[in-house]
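# missing the sequence, but the structure's below:
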């Protein structure tokens, strides 16, 4: 009987180490592990230390924020919540009343730190403080005038509420602008411990004061308690290393700083409109606008929490990009640092986004049945929010290298797309779910646009890594969460099922993290101390 060739020459048993080495080689071919000059001046260990501090504070503040949001929705009607959501838009817009000088001064401060001479820009900081104060007072006067006009001429159930709310927003804006500028300077110095403590303090005070005040006195109590929290924030900043700022005026230097910061300001203004386009068009196009916006606020609450996590983590790297550019003056070096930072941010945001998709619908659907129509839009909004979060680091790269005008162009184009698609969704009868889908599409478009200058600076290996690592970090866990939720949609609060979904998503995320750590240079980057 003849024996087969395989019997004569048996196939060698595969060696696990050789298989791992082969896999590593293939991954490095597709996703190059080595990136030149991809380490901050202070090293990745310091960055990760700051990330741990910031993420720890973020987890606490997000938990507090979620509790606050839930409590406020329990003691307020959807219409009241709709009014408060709209008033918060005016409060956010107050940050853009200073003509961009604070952004210009903060950028100069960060570059000066990289050059080793931060004291050289003290005069610029004083000028920014002066313009900030004067512009905040003008905003207060404008909001007070608008409130007075509505109070005198307005009709309807909510006229008086809008009138007082606008006046209060003007007062809040004046205090908030000072606090925000000082926080920006503390972050430029990479003092993330103090800023993290401040965020926790604000969350605790908001829960302790705002929730009971709202329960007792409605929106009036919410207005007063919010002002009390801002005053406490001002006290904290002065107790924890606020930079001394003085009154100063120099027209020529003010113009220079405004020239640096105004594109950032305009991009910020348009970005606020961009992120608020869904809310604005719901208010403009629907007859029961207060109720619909109140229900949609459930999707906005979850999306806002995710964006907040990504924003807090990206804040850690922003000053380091400016510092790196001030030190080296090389845009390609900063581009390499940017993509390494962005892929770590992608890995960090993927888990909470995937967990939100499987854990939030059964929980909030049970706790807040009146807001249930906001759950389906939430699932469609999350992928877009991930893209919006990942656009933060390329946007900071553009500010660091003084290419902020492209940020403005990108957000203007994306805003136009958002307005057109969301309006079409509402007029086409697709409701809140159509609004969420259109919003996500515009967020993805913005991410692609804002990354164009970064893409140009990268060579082919850098581009492959940029695409491949973002896909590796985000797609597996989010895709698994989406498939699981589609196959087994939430039907009430089934604790065992929710735990099983959470476990599956977490395992998938952990595996992607292990691949990045083992094969894609993360371990070597952490071991490297400086750039």
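Okay, I see it. Bear in mind that the values here come from a model prediction, so they are computed numbers and not experimental data.

# ok, which stretches of the stretch 151-300 of the chain are helices?
Assigned by DSSP state H, counting those that start in this stretch, the helices in the stretch 151-300 of the chain fall at 159-188, 192-205, 211-217, 219-239, 251-285, 289-328.

# An error on my part: the question was meant for the stretch 401-531 of the chain.
Under DSSP H, counting those that start in this stretch, the stretch 401-531 of the chain gives helices at 404-427, 431-450, 452-457, 460-487, 495-519, 522-527.

# For this protein, give me the ranges with low pLDDT.
Filtered on pLDDT under 70, the chain yields the residue ranges 1-38, 154, 156-157, 491-492, 523-531.

# Residue 246: neighbour count?
When neighbours are counted by other Cβ atoms under 10 Å, residue 246 registers 11. Using the backbone N, CA and C atoms, a C-beta is placed for each residue, glycine as well.

# For it, which non-adjacent residue is spatially closest?
The shortest distance from residue 246 to any non-neighbouring residue, by Cβ to Cβ, 6 or more residues apart in numbering, is to residue 126 (4.8 Å).

# what about the closest residue to residue 281 other than its chain neighbours, how many residues close to it?
Distances taken as Cβ to Cβ, 6+ apart place residue 422 nearest to residue 281, at 5.0 Å, with adjacent residues excluded. Neighbour count of residue 422, defined by other Cβ under 10 Å: 26.

# Begin at 52, not 1, for the rest of this chat.
Renumbered: residue one is now 52, and that last one reads residue 473.

# Show the contacting residues for residue 473.
Counting by Cβ atoms under 8 Å, 6 or more residues apart in numbering, residue 473 touches 328-329, 332, 485-486, 489-490, 493.

# any idea how far it lies from residue 229?
To residue 229, residue 473 is 35 Å away according to Cβ to Cβ, to the nearest Å.

# And for residue 486?
On the measure of Cβ to Cβ, residue 486 and residue 229 end up 35 Å apart.

# Give me the number of neighbouring residues for the residue nearest to residue 297.
With other Cβ under 10 Å as criterion, residue 177 counts 19.

# Which helix or strand contains it?
helix 173-204 (DSSP states H and E).

# Was I right to think residue 318 contacts residue 459?
Yes. In this structure, residue 318 is within contact of residue 459 by Cβ atoms under 8 Å, at 4.2 Å.

# more neighbours, the two?
Neighbour comparison, residue 318 and residue 459: the larger count goes to residue 318, with 27 against 20 (by other Cβ under 10 Å).

# from what I can see residue 285 touches residue 230, true?
Yes. Using Cβ under 8 Å, residue 285 is in contact with residue 230, at 5.8 Å.

# Look at the two and report which has more neighbours.
residue 230 (18 against 15).

# Not counting its neighbours along the chain, what's nearest that one?
Using Cβ to Cβ, 6+ apart, the nearest residue to residue 230 is residue 284, at 5.0 Å.

# Can you get me a residue count around the one you found?
22.

# check contacts around it.
230, 249, 252-253.

# Spatially, which two of those residues are the most separated?
Greatest spacing in the contacts of residue 284, by Cβ to Cβ: 230 and 252 (11.6 Å).

# Give the buried residues for stretch 331-346.
331-334, 337, 340-346 (16 or more other Cβ atoms under 10 Å).

# Show me how far that stretch is from its chain's centre.
Mean C-alpha position of stretch 331-346 versus that of the full chain (Cα atoms, centre = their mean, to the nearest Å) differs by 24 Å.

# First-to-last residue distance for it?
Chord length of stretch 331-346, first to last residue, is 14 Å (Cα to Cα, to the nearest Å).

# What of stretch 250-270?
23 Å.
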